[in-house]
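A predicted structure for the sequence below; I have some questions about it.
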Amino acid sequence: MPKHKSLDHMVSDWINHWNNGSMAKFQVNHPHGKLEEHYDKYILGRKKAKIFVPLCGTMFDMYCLADKGHEIVGIECSDLAIKTFFSKHKLHYHQEHCDDVKGTLYKSDDGKIKIYCCDLFDFKLHLEGKFDVILDFGSMGAIQKEDLQPYADMMKRLMGDNCRHILECFVYDTNKYSDCHPNCFSLNDLQALFGDCCSVEKMDEGPNPYEDEFLTSEETNYQDNSFQQVYPQITGTAYFLIKPKV
Ligand SMILES: C[S@@+](CC[C@H](N)C(=O)[O-])C[C@H]1O[C@@H](n2cnc3c(N)ncnc32)[C@H](O)[C@@H]1O
């Protein structure tokens, strides 16, 4: 078992990954096909859904969903990632210190996109209230195993009554690769984490959509390494839909 790093240490590792350029290969420059395909399942006809994106990085869909009229609140520990997101989409923004999260709030001038630059676990319910949608794309996969239950408990607190939480994670054989990162989850794992007050269903499963991005990203120094070489265990991705029990 790897040693449990302190959260501060984890966050500074991520900030370093952004600063030394090694996160560039993970940036996707188009909407996520599965989010478009399953749009109705999480938007439920809402014209202005309030969407939470924990560990958002530069997730392209934040821009697309705001453009459709929805309200985005992201959390990301790297200032560089947040500034990259706003500049990529040519969005004017302003920033202000936020004591409550011991960090900075970045806000697009039209007010549709807010990204808190902080450790996720410093974010508090009273800052933005509850959400209609949670988009968890690689987020729960990225945190340490010891933090999974606190993470799930936080998502449950942030869910509004009719919230739809979409979770994307990688798929691999956990018998063969028992202690790998990023984390992957079975339906049973998610039911254990969320099942006390939510239902969980598997919505979809498919090939890994990031494989090609990894090779073709112009910004990366890693073109020579295929996704398969870096993450030999990963065979695909799975999508789960988590809803509060009524
Ligand atoms: C695997 S990436 C996911 C990116 C994004 N969801 C996407 O689809 O492109 C994880 C991101 O979370 C950020 N991060 C990791 N731990 C964090 C924490 N405890 N609080 C805030 N951000 C964190 C990292 O800097 C990184 O950008």
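Structure received. Values in this document were obtained by computation on a predicted structure and should not be read as measured data.

for the ligand, what are the nearby residues on the protein?
Within the chain, the positions near the ligand by Cβ under 6 Å from any ligand atom are 10-11, 14, 18, 55-57, 59, 75-78, 81, 119-120, 137-139, 142. For glycine as for every other residue, the C-beta is placed from the backbone atoms N, C-alpha and C.

which ones among the residues you listed lie within strands?
Applying DSSP state E to the residues of the chain next to the ligand, the entries found in strands are 75, 76, 137.

show me the longest strand that occurs in this structure.
Ranked by number of residues, the top strand in the chain under DSSP E is strand 159-171.

chain center to the helix or strand that comes right after that one: distance?
Remark: after strand 159-171, the chain's next helix or strand is helix 187-194, criterion DSSP states H and E. Put simply, helix 187-194 sits 18 Å off its chain's centre (Cα atoms, centre = their mean, to the nearest Å).

tell me which strands and helices helix 187-194 is in contact with?
helix 148-158, strand 198-206, strand 236-244 (3 or more Cβ pairs under 8 Å, 6 or more residues apart in numbering; DSSP states H and E).

could you provide the ones you listed in JSON lines, with additional columns for mean pLDDT, distance to residue 70 and mean neighbour count?
JSON lines is the format used below for the helices and strands packed on helix 187-194 (pLDDT from 0 to 100; distance: least, Cβ to Cβ, whole Å; neighbours: other Cβ atoms under 10 Å):
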{"stretch": "helix 148-158", "mean pLDDT": "97", "distance to residue 70": "16", "mean neighbour count": "17"}
{"stretch": "strand 198-206", "mean pLDDT": "95", "distance to residue 70": "19", "mean neighbour count": "15"}
{"stretch": "strand 236-244", "mean pLDDT": "96", "distance to residue 70": "18", "mean neighbour count": "20"}
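
quick one: closest of these to residue 130.
helix 148-158 (6.0 Å; Cβ to Cβ).

mind giving me the packing neighbours of that closest one?
Applying 3+ Cβ pairs under 8 Å, 6+ apart, one finds that helix 148-158 contacts strand 131-137, helix 139-142, helix 187-194.
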